[in-house]
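A.B. asks: Here is a sequence with its predicted model. Questions after.
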Amino acid sequence: MSLHTNQRIGSPVELIGNTPMLRLRSVEERAGGNREVWAKCEFENPGGSVKDRAARQMVLDAIAKGILKPGDPSGKRLIDSTSGNTGVAYSMIGAALGVPVTLVMPANVSVARKNITRAYGTELIFSSELEGSDGAIVVAKRLAAEHPELYYYPDQYANESNPRAHYLSTGPEIDAMVGERITHFCAGIGTTGTIMGTGRYFKEQRPSVQIVAIEPDDSFHGLEGLKHLASSLVPPIWKPEGVVDRMLPVSTEEGWDASERLVSEEGIFVGHSAGANVAGACRLAKEAGPGSCVVTILPDRGDRYFKAMAWEKSYAW
């Protein structure tokens, strides 16, 4: 049941956060039983992913500083690079608050994400599919530097508002739901904002909690949205010292298999980054043994990776 039920709100931005926690019984059984494995259902955010949290914080902080001016036609456009979910979040929040948005994304990002962002009125610029998310970063930085009067570049990979969003919301929400039972928190790394912000919260509030960063086990992988740090541009917000206790590599096959099992065993259709998170959580629970409580993130739904139908105003039947 949605935690927003019966609330009156003035903007979809107010719906971000307070997502449900789901206990994954089938994963607990595979890990050996007598363990808890929980997943935070971030696909319940209004933009459909965990990236709503970071995008909201970055936009609101920029508005508070007077950098972005909602509803002002002479104001700056927000420009950033994205592999998809952050772009959808920016687009939704920009439309709701009256902030124009331009996104740079790899040309091979799913059609669904391209169509969703365009539906919000977002301008799209495509970078080379051969250069992945790093190529999109380079293009966004160049455009912002060449046109400072036109663009505000929050840079989700370097903006401290990104992990701050999770420090202020994701960590406290998980803590309120499982409390002192939690032994591990694990999440995949892309911008690294989720693991850094949530990890900092738990290291301050419950230092015994193990913080585990999940990454693809190879530079050539099929886990969209996740970074293999050794072969990628390292995000400036990635400051693991004193926060991240362990790196856990997960293969593409593990992530895809886990997401498929979530559909058949739990009735949850999520993306492959969620599958990688759950595969990692299962491994941690198995290693930690009875009495452990592992919490992870389900970043988005699986249907975001489908080729979407065009949004048409009328149909011929």
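C.D. replies: Yep, that arrived.
A.B. asks: got the CA coordinates for stretch 255-265 in CSV?
C.D. replies: What follows is stretch 255-265, C-alpha atoms only, in CSV (Å, rounded to 0.1, in the frame of the first residue of the first chain):
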residue,chain,number,x,y,z
GLY,A,255,21.7,-9.6,-12.4
TRP,A,256,19.5,-10.7,-15.3
ASP,A,257,18.8,-14.1,-13.6
ALA,A,258,17.9,-12.4,-10.3
SER,A,259,15.5,-10.0,-12.0
GLU,A,260,13.8,-12.9,-13.9
ARG,A,261,13.4,-14.8,-10.7
LEU,A,262,11.8,-11.8,-9.0
VAL,A,263,9.1,-11.8,-11.7
SER,A,264,8.3,-15.5,-11.3
GLU,A,265,8.8,-15.9,-7.6
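A.B. asks: Give the rounded mean pLDDT of it.
C.D. replies: Here stretch 255-265 scores 96 as its mean pLDDT.
A.B. asks: quick one: buried residues of that stretch?
C.D. replies: Across stretch 255-265, burial judged by 16 or more other CB atoms under 10 Å covers Gly255, Trp256, Ala258, Ser259, Arg261, Leu262. All C-beta atoms are positioned from the backbone trio N, CA, C, and that covers glycine.
A.B. asks: lowest confidence element among the helices and strands of this protein?
C.D. replies: helix 111-119 (a mean of 87; mean pLDDT, DSSP states H and E).
A.B. asks: ok, and for that one, which residues are buried?
C.D. replies: Buried residues in helix 111-119, defined by neighbour count with 16+ other CB under 10 Å: Ala112, Arg113, Lys114, Ile116, Thr117.
A.B. asks: ok, the residues you listed vs Ala62, which is closest?
C.D. replies: Thr117 (19.0 Å; CB to CB).
A.B. asks: ok, that closest one touching Ala89?
C.D. replies: No. If you go by CB atoms under 8 Å, Thr117 and Ala89 don't touch, sitting 9.7 Å apart.
A.B. asks: quick one on the thing from earlier: quick one: which of the buried residues of stretch 255-265 sit in helices?
C.D. replies: Judged by DSSP state H, helices contain the following of the buried residues of stretch 255-265: Gly255, Trp256, Ala258, Ser259, Arg261, Leu262.
A.B. asks: would JSON lines of these with distance to Val13 be doable?
C.D. replies: Below are these laid out as JSON lines (distance: CB to CB, whole Å):
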{"residue": "Gly255", "distance to Val13": "31"}
{"residue": "Trp256", "distance to Val13": "33"}
{"residue": "Ala258", "distance to Val13": "32"}
{"residue": "Ser259", "distance to Val13": "29"}
{"residue": "Arg261", "distance to Val13": "34"}
{"residue": "Leu262", "distance to Val13": "29"}
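A.B. asks: Of those residues, which is the nearest to Ala230?
C.D. replies: Gly255 (18.0 Å).
A.B. asks: who are the neighbours in contact with the closest one?
C.D. replies: Residues in contact with Gly255 (CB atoms under 8 Å, 6 or more residues apart in numbering) are Gly222, Leu223, His272, Ser273, Gly275, Ala276, Ala279.
A.B. asks: Quick check: the gap between Arg56 and Asn18.
C.D. replies: Using CB to CB, to the nearest Å, we find Arg56 at a distance of 13 Å from Asn18.
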